[in-house]
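Peer 1: return atomic coordinates for the entry below.
(2 chains)
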Amino acid sequence: MLEATLEGIGFWGAGLPDWDSACVWMRKGERPLDPPARPSPQLLAANERRRAPGTVAVALEAALTACEAADRAPATLPSVFTSTHGELTITDYMCATLADDPCAISPTKFHNSVHNAAAGYWTIGAGAHVAATAISAGRYSFAQGLLEAMVQLHAGEEAVLLVAYDGNASGPAAEVSPSTGLLGAAFVLSRTACAGLPGLQLRLHDQPPPAQDTPQGPLLQLYADNAMQPALPLLEALAMDQDKVWMRSGTDQWLEIDILHE
Amino acid sequence: MGAGLDAQRRGLAGRHSGLRQNDFGAQPLPCWIGRVNGLEQLALPTELAGFDCRNNQLAWLSLQQDGVLAALQQVRQRHGASRVAVVMGTSTSSIGATEEAYARLEAGADGNLHFPPDMLRPRIHTPHSLGDFVQVATGLSGPCITVATACSSSAKVFAQAARLINAGLADAALVGGVDTLCGSVLYGFNSLQLVSPTPCQPFDARRVGLSLGEAGGFAVLERAGAGPATALQLRGYGESSDAHHMSAPHPEGLGARLAMQAALQRAGIDADDVGYLNLHGTSTPANDSIEAAAVAALFPPSLHASSTKGWTGHTLGAAGIVESVFALLALEDGLLPGTLNSEIPDPACGPQIRFENTQAEISYAMNNSFGFGGNNCSLVFGKAG
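Peer 2: Residues are numbered from 1 along each chain as shown, chains lettered A, B, ... in the order given. The predicted structure follows:
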């Protein structure tokens, strides 16, 4: 069993620009009247904020607000960035440009095409010289990101930042890699138990849970078409004081997550 | 360089470069590449045909080498398929297949452009294509992840697998990496003006840029003591971030130094215990002088350090596994490679940077892999006992 204290949550989804408004939506069904169309991550300089790819912006916004909620300095936290597809608008740009006029590839778009673009901008913005990783595991990307973050705590890190995000598909590739809207969720997890903060206990199983409900919570109503939607049931459980979530983590493995509310 | 460890040994000892003039694609850029011969003719088994693409073809070819599958069979028998993780590293995975689909778009009845029917295979058009394919191809069912931190990817897989094993979530892991030539990287690095028109010359004062290559490789890790004794061990890893720039290294090599120090510390050894260091050494003007200075600040003059990219080119997300294999061969055979194609040391090079091959018995070998986003990983390997 792996254990962690959940010190802070950051969230950004279209229509729900922070974790507090996401909680109000889940508990009362109310949404902000005039939410921003795009996240505006304060970690980036103003000009970079506008130019940053959508997934970078949403990842950095969620990550910074999670650190603020946890009262942890961003520079100190090793980070795990997980995304199913990375920035699909850049994939579309790269492939379309290569087919059309390969020598016209933009160097900035090229270096932003790496899967660790969000992790890179985060470490630069935060001034973090600690480890950062960027992973993908298809539809199990969130589960494997959570596993890696908890495993880093087990390996001796005091606290770890987990950031999960996906964005908009565009162009012909949207047919094979569908994903809609920007969605980012971030968690600061730590080793030390702390009164007043929820705890997570995680077990890995080779068998599915005895009975599985099809999750249809309030966040899933809004973001079911985003590729990072497998992260939503855990967020819903945290907001709604549920004490257990099962999450598929591979073709033949499942995570059993117990939530110890404060 | 060819397939299998013996081909690597012969190429390193005989100083035969795997680089050739670029012949990849319809209008090849004037540069040199490390291209795997005959990959286009390699067919995947029928049951894996849905994964067919250049990157998975190279993954399949690499899996057949040097008893990897036999070693996997043994750890699987000892621990069970669900106790063996698959942790793969890649930079671009099979984006070459997505590029091909865009080059062959077909107009649909709706008036929009669509992928041709043979390319409508979602599993190859996503970064996890590599990890997914390798898990299906090997029948393993433990945690399966694709690490994609650009050119440090398949070094970081060793660290992640070691953590999974130490946390008890697996008893063994198949780690590795595969990256293949594609338009994205050839034209992308070209746009950054980092590609050399001539074969790359790491640490040479005359170097002007890198040569790109493709490669695949694997290693089977098992918890120490959980199986028969092996000759070679992963002893330490260090990971860090430059926090400086997306595509340029930290000017003082801070991230590189932090990664190397952390790897030495985790291995519990001093810098002068290291007998061979395989450098990142891309042959770009910035990387090599900064890395040489970071090495000179940490290691004694007696260290033999080199870049093997004159043999392989920069294999990007596969560089971590390729150069870890070279470090492991140095431990096993005592063949410490020099730096092929290089003759005139850059003024920044300390006495550690070696251009000639040497034969020496060593106890520890290291590998550096640094990637875009300032993502750094260093590994320490040692002999058992």
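
Peer 1: leaving out the residues flanking it, which one is nearest to whatever residue of chain B ends up closest to chain A?
Peer 2: In chain B, the residue that lies nearest chain A is B:Gly373 (2.5 Å; Cβ to the nearest Cβ). Any C-beta I mention is one placed from the backbone N, CA and C, and that applies to glycine too. Using Cβ to Cβ, 6 or more residues apart in numbering or on different chains and skipping residues adjacent in sequence, the residue nearest B:Gly373 is A:Gly120, 2.5 Å away.

Peer 1: now do the SS call for the residue positioned nearest the centre of chain A.
Peer 2: Central residue of chain A (Cα atoms, centre = their mean): A:Ala164, 1.5 Å from the mean position. For A:Ala164, the assignment made with DSSP: H, G, I helix; E, B strand; the rest coil gives strand.

Peer 1: and for B:Gln64, the neighbour number?
Peer 2: 12 (other Cβ atoms under 10 Å in any protein chain shown).

Peer 1: what about A:Met240, how many residues close to it?
Peer 2: Count around A:Met240 with other Cβ under 10 Å applied: 12.

Peer 1: would you check that it makes contact with A:Arg27?
Peer 2: Yes - with contact defined as Cβ atoms under 8 Å, A:Met240 reaches A:Arg27; the gap is 7.2 Å.

Peer 1: for chain B, what is the nearest residue in chain A?
Peer 2: A:Gly120 (2.5 Å).

Peer 1: in what helix or strand does that residue lie?
Peer 2: Using DSSP states H and E, A:Gly120 sits in helix A:117-126.

Peer 1: now do B:His244
Peer 2: Using DSSP H and E, no helix or strand contains B:His244.

Peer 1: just read off the phi/psi values of it.
Peer 2: Dihedral pair for B:His244: phi -130, psi -60, per degrees, to the nearest 10.

Peer 1: could you find the closest non-adjacent residue to it?
Peer 2: B:His250 (4.2 Å).

Peer 1: these two touch, right, the one you found and B:Ser241?
Peer 2: No - using Cβ under 8 Å, B:His250 is not in contact with B:Ser241, being 9.2 Å away.

Peer 1: if we can go back for a sec, let me see the contact set for the residue nearest to the centre of chain A.
Peer 2: A:Ala164 is in contact with A:Thr82, A:Ser83, A:Ser141, A:Phe142, A:Gly145, A:Gly184, A:Ala185, A:Ala186, A:Met228, A:Ala231, counting by Cβ atoms under 8 Å, 6 or more residues apart in numbering or on different chains.

Peer 1: try 10 Å this time
Peer 2: Going by Cβ atoms under 10 Å, 6 or more residues apart in numbering or on different chains, A:Ala164 touches A:59, A:62, A:80-84, A:141-143, A:145-146, A:149, A:183-187, A:228, A:230-231, A:234-235.

Peer 1: hey, what's it bridged with?
Peer 2: Assessed by DSSP bridges, A:Ala164 has beta-bridge partners A:Thr82, A:Ala185.

Peer 1: measure B:Pro28 to B:Leu336 for me?
Peer 2: B:Pro28 sits 34 Å away from B:Leu336, going by Cβ to Cβ, to the nearest Å.

Peer 1: tell me which of those two has more neighbours.
Peer 2: More crowded of B:Pro28 and B:Leu336, by other Cβ under 10 Å: B:Leu336, with 26 against 12.

Peer 1: just the pLDDT for the more buried one.
Peer 2: As summarised for this prediction, B:Leu336 has a pLDDT of 98.

Peer 1: quick one: residues contacting it.
Peer 2: B:12, B:275-278, B:304-306, B:326-327, B:329-330, B:354, B:356-360, B:362, B:365.
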